[in-house]
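Colleague: Give the three-dimensional model of this entry:
(one chain, ligands or ions: 1)
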Amino acid sequence: MASEKPLAVVTCTAPVNIAVIKYWGKRDEELVLPINSSLSVTLHQDQLKTTTTAAISKDFTEDRVWLNGREEDVGQPRLQACLQEIRRLARKRRNTWDGDLPPSSLNCKVHVASENNFPTAAGLASSAAGYACLAYTLACVYGVESDLSEVARRGSGSACRSLYGGFVEWQMGEQADGKDSIARQVAPESHWPELRVLILVVSAEKKLMGSTVGMQASVKTSPLLRFRAESVVPARMAEMTRCIQERDFRGFAQLTMQDSNQFHATCFDTFPPISYLSHISWRIIHLVHRFNAHHGDTKVAYTFDAGPNAVIFTLEDTMADFVAAVRHTFPPGSNGDTFLRGLQVRPASLPAELKAALAMEPTPGGVKYIIATQVGPGPQILDDPYTHLLGPDGLPKPAA
Ligand code: DP6
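Modeller: Now for the predicted structure:
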């Protein structure tokens, strides 16, 4: 069958983000509206990103989606919510504007292929990058230029924060329709060049309880979560914004750790309790506090999402020493040469006094590997057709 050229094909990339003031709990499940505002750091796409291609064509008979080469069920409610929302925005734009998009594009089916450049199984936040990339790519292919917070949010709440680079807040909003629940950049990626991020991959296992179900249980049963949302987070959002604006690392680091700890406390306050931290996570927490105590200053911060992997914030001048401390505490197995990935880190040996101050028995293999990265930009459009994940037939290109 001679197939027609697709009407439009676009490929984009989007970043992972890590919250320093956590989102946990929805006030509206359908619209994905949170019970508190949150704030995150966008990680650099050189190390972690999702790439997505979307194509629309008169030839396509149904919407289809592939994730890391495998076809997914396009009927999943979250995917459907994103698709419906983008088509609604495209229709709205069509009615108010006479553009150059082919008139039939809205009635066409779409094919979407998406890939992560990092192992999904490592338990890293892939859904945020994935849904931000989906929203951004669909917007490009349908010529939508309005705010995409809602499209990304309907896929996964935290995804709306991956629509921007640098430091990003998700304002919870007040309206019942969620129109004011939007992501906004607090500072661009160039704002704090010395800030570094280390991801300590602890476990590659799938988590016991996903965020969506976990936070539902917390909203239902945890009085601490309600207290947190109403009485703690508003002041913390203001304080975190100040720390970022003034590049106050000590303040930023302390608040990041406290907010991670409070989030995990609300998990433990959930009934039955939820625990995302493993004994290795706890060893990392001790390591960070002892490292800081030894320096008499807060040089390093940890934060944990709904899983045991640690994300570490530090400044460029402390990175090598801290990596040496991690290597000492969690000696790599046979993967010594691939233990540290991403940004180059100067090799450093652990000073004897620091080793004594850590006072920790080594746990070999406790940390599987480290990804060193930094703050990065928001979604990007790739111009080179070579980067398309879908071939001219609208099907995923065979893996190279
Ligand atoms: C602990 O955005 O994954 O990472 O909206 O149900 O898809 P859904 O949840 P999700 O939750 C993220 C929770 C968190 C904290 C955060 O990223 O703010």
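
Colleague: Get me the contact residues on the protein for the ligand.
Modeller: Residues of the chain found near the ligand, taking CB under 6 Å from any ligand atom as the criterion, are 19, 22-24, 32, 38, 127, 156-158, 211-212, 305-306. C-beta coordinates here come from the backbone N, C-alpha and C atoms, glycine included.

Colleague: quick one: the helices in the stretch 1-150 of the chain?
Modeller: Under the criterion DSSP state H, counting those that start in this stretch, the stretch 1-150 of the chain contains helices at 77-96, 126-142, 149-155.

Colleague: With mean pLDDT, mean neighbour count and distance to Val9 added, can I get the ones you listed in JSON lines?
Modeller: Shown next, in JSON lines, are those (pLDDT from 0 to 100; neighbours: other CB atoms under 10 Å; distance: least, CB to CB, whole Å):
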{"stretch": "helix 77-96", "mean pLDDT": "90", "mean neighbour count": "16", "distance to Val9": "16"}
{"stretch": "helix 126-142", "mean pLDDT": "95", "mean neighbour count": "27", "distance to Val9": "7"}
{"stretch": "helix 149-155", "mean pLDDT": "96", "mean neighbour count": "27", "distance to Val9": "19"}
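
Colleague: Dump those to JSON lines, plus distance to Asn117.
Modeller: Formatted as JSON lines, those follow (distance: least, CB to CB, whole Å):
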{"stretch": "helix 77-96", "distance to Asn117": "21"}
{"stretch": "helix 126-142", "distance to Asn117": "10"}
{"stretch": "helix 149-155", "distance to Asn117": "19"}
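
Colleague: Quick one: closest of the ones you listed to Tyr386.
Modeller: Among the helices of the stretch 1-150 of the chain, helix 126-142 comes nearest to Tyr386, with 16.6 Å by CB to CB.

Colleague: centre of the chain versus that closest one, how much separation?
Modeller: Relative to the mean C-alpha coordinate of its chain, helix 126-142 is positioned 13 Å out (CA atoms, centre = their mean, to the nearest Å).

Colleague: then that helix to CSV, C-alphas only?
Modeller: C-alpha atoms of helix 126-142 as CSV (Å, rounded to 0.1, in the frame of the first residue of the first chain):
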residue,chain,number,x,y,z
SER,A,126,10.9,8.4,34.4
SER,A,127,7.2,9.3,34.4
ALA,A,128,7.9,13.1,34.9
ALA,A,129,10.3,13.3,31.9
GLY,A,130,8.0,11.0,29.9
TYR,A,131,4.8,12.9,30.3
ALA,A,132,6.5,16.3,30.0
CYS,A,133,8.0,15.1,26.8
LEU,A,134,4.7,13.7,25.6
ALA,A,135,2.9,17.0,26.3
TYR,A,136,5.6,19.1,24.7
THR,A,137,5.9,16.9,21.6
LEU,A,138,2.1,16.7,21.0
ALA,A,139,1.9,20.5,21.4
CYS,A,140,4.5,20.9,18.7
VAL,A,141,2.9,18.5,16.3
TYR,A,142,-0.6,20.0,16.8
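
Colleague: name the helices or strands packed onto it?
Modeller: Helices and strands touching helix 126-142, as assessed by 3 or more CB pairs under 8 Å, 6 or more residues apart in numbering; DSSP states H and E, comprise strand 8-15, strand 49-57, helix 77-96, strand 109-116, helix 149-155.

Colleague: want to throw the ones you listed into CSV with distance to Ala183?
Modeller: Below are the helices and strands packed on helix 126-142 laid out as CSV (distance: least, CB to CB, whole Å):
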stretch, distance to Ala183
strand 8-15, 12
strand 49-57, 17
helix 77-96, 15
strand 109-116, 20
helix 149-155, 5
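
Colleague: Identify whichever of the ones you listed lies nearest to Ile381.
Modeller: Between Ile381 and the helices and strands packed on helix 126-142, the tightest spacing by CB to CB is seen for strand 8-15, at 5.2 Å.

Colleague: what angle separates that closest one from strand 109-116?
Modeller: Orientation note: strand 8-15 sits at an angle of 30 degrees relative to strand 109-116 (axes from the mean of the first three to the mean of the last three CA atoms, to 10 degrees).

Colleague: quick one: contacts of strand 8-15?
Modeller: Outside strand 8-15, the residues within contact range by CB atoms under 8 Å, 6 or more residues apart in numbering are 42-45, 48-56, 101-102, 105, 129-130, 132-133, 136-137, 140-141, 162-163, 165, 376-382, 385, 387-390.

Colleague: Could I get the average pLDDT for stretch 361-368?
Modeller: Per-residue pLDDT values over stretch 361-368 give a mean of 94.

Colleague: Low-confidence ranges, the stretch 151-300 of the chain, go.
Modeller: 203-207 (pLDDT under 70).

Colleague: quick one: the helices in it?
Modeller: 211-221, 223-227, 233-245, 249-269, 279-295.

Colleague: Pick the most buried one from these.
Modeller: A comparison of these by mean neighbour count, using mean count of other CB atoms under 10 Å, puts helix 249-269 on top with a mean of 20.

Colleague: tell me what that one is packed against?
Modeller: Under the contact criterion of 3+ CB pairs under 8 Å, 6+ apart, the helices and strands touching helix 249-269 comprise strand 17-21, helix 211-221, helix 223-227, helix 233-245, strand 300-303, strand 310-315.

Colleague: and that helix, how far from the chain's centre?
Modeller: In terms of CA atoms, centre = their mean, the centre of helix 249-269 is set 17 Å apart from its chain centre.

Colleague: same thing with stretch 247-265?
Modeller: 18 Å.
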